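just coords:
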């Protein structure tokens with residue numbers, strides 16, 4: 001018959017649940033299962049913290065509520081991390097974030113587009129000529145960065 005192991009953790013650890021604990025020491029965070037360390041990361045490495053706590057939840061080692069209580073994080077941040085872990089795996093926490101590209105309407109493009117609009121060209125024609133989307137030009141017109149000439153009566 002298997003013998004039950006008492007939840008024994010090293011001194012100075014903070015308990016997550018009956019099987020997991022963590023310790024902050026020397027700028028590092030160490031996670032323990034009983035007396036055995038299972039993972040270590042830098043204290044301010046937020047991506048790795050999110051990855052390992054998500055892994056603990058997905059593997060059934062801790063509940064989201066236990067993680068929130070132990071680390072003082074809000075539930076939605078744990079849920080977002082768990083979703084990322086399930087969809088992208090551990091690598092998802094270390095990928096570069098998607099950011100917008102450089103602005104399309106530079107000063108030169110605005111100047112060229114305005115010259116074409118002044119020649120009574122349609123927005124769609126101007127968009128093709130300056131290689132931008134017509135929606136982008138329409139937004140610039142609404143923002144008054146570009147203007148259409150008044151229609152002649």
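That came through fine. Since this is a predicted model, take the numbers as computed values, not measurements.

tell me the contacts of residue 35?
By C-beta atoms under 8 Å, 6 or more residues apart in numbering, the contact set of residue 35 is 8, 9, 10. From N, CA and C alone the C-beta is placed, and that goes for glycine too.

ok, now how distant is the residue positioned nearest the centre of the chain from residue 50?
Centroid-nearest residue in the chain: residue 97, 6.4 Å away (criterion: C-alpha atoms, centre = their mean). From residue 97 across to residue 50, the span is 14 Å (C-beta to C-beta, to the nearest Å).

go on, residue 149?
Residue 149 is 54 Å from residue 50, by C-beta to C-beta.

neighbour count winner among these two?
Ranked by neighbour count (other C-beta atoms under 10 Å), residue 149 and residue 50 place residue 50 first, with 20 against 10.

phi and psi next, for that one.
phi -60, psi -40 (degrees, to the nearest 10).

okay, and the nearest residue to it once chain neighbours are set aside sits in which element?
Spatial nearest neighbour of residue 50, excluding adjacent residues (C-beta to C-beta, 6 or more residues apart in numbering): residue 81 at 4.2 Å. Secondary structure from DSSP states H and E places residue 81 in helix 75-88.

who's in contact with that helix?
Applying C-beta under 8 Å, 6+ apart, the contact partners of helix 75-88 are 50-51, 53-55, 57-58, 64-65, 67-68, 92-93, 95.

what about 6 Å?
Outside of helix 75-88, the residues within contact range by C-beta atoms under 6 Å, 6 or more residues apart in numbering are 50, 54, 57, 58, 64, 67, 68, 92.

and stretch 129-145, by the same measure?
104, 105, 109, 112, 113, 116, 123, 124, 127, 146.

pull out the buried residues from the residues you listed.
Buried members of the contacts of stretch 129-145, counted by 16 or more other C-beta atoms under 10 Å: 105, 109, 113, 116, 123, 127, 146.

pLDDT wise, what is the residue nearest to the first one when sequence neighbours are not counted at?
Leaving aside its sequence neighbours, residue 105 sits nearest to residue 140 (C-beta to C-beta, 6+ apart; 5.8 Å). Residue 140 is assigned a pLDDT of 90 by the prediction.

so what does residue 140 have for phi and psi?
phi -70, psi -40.
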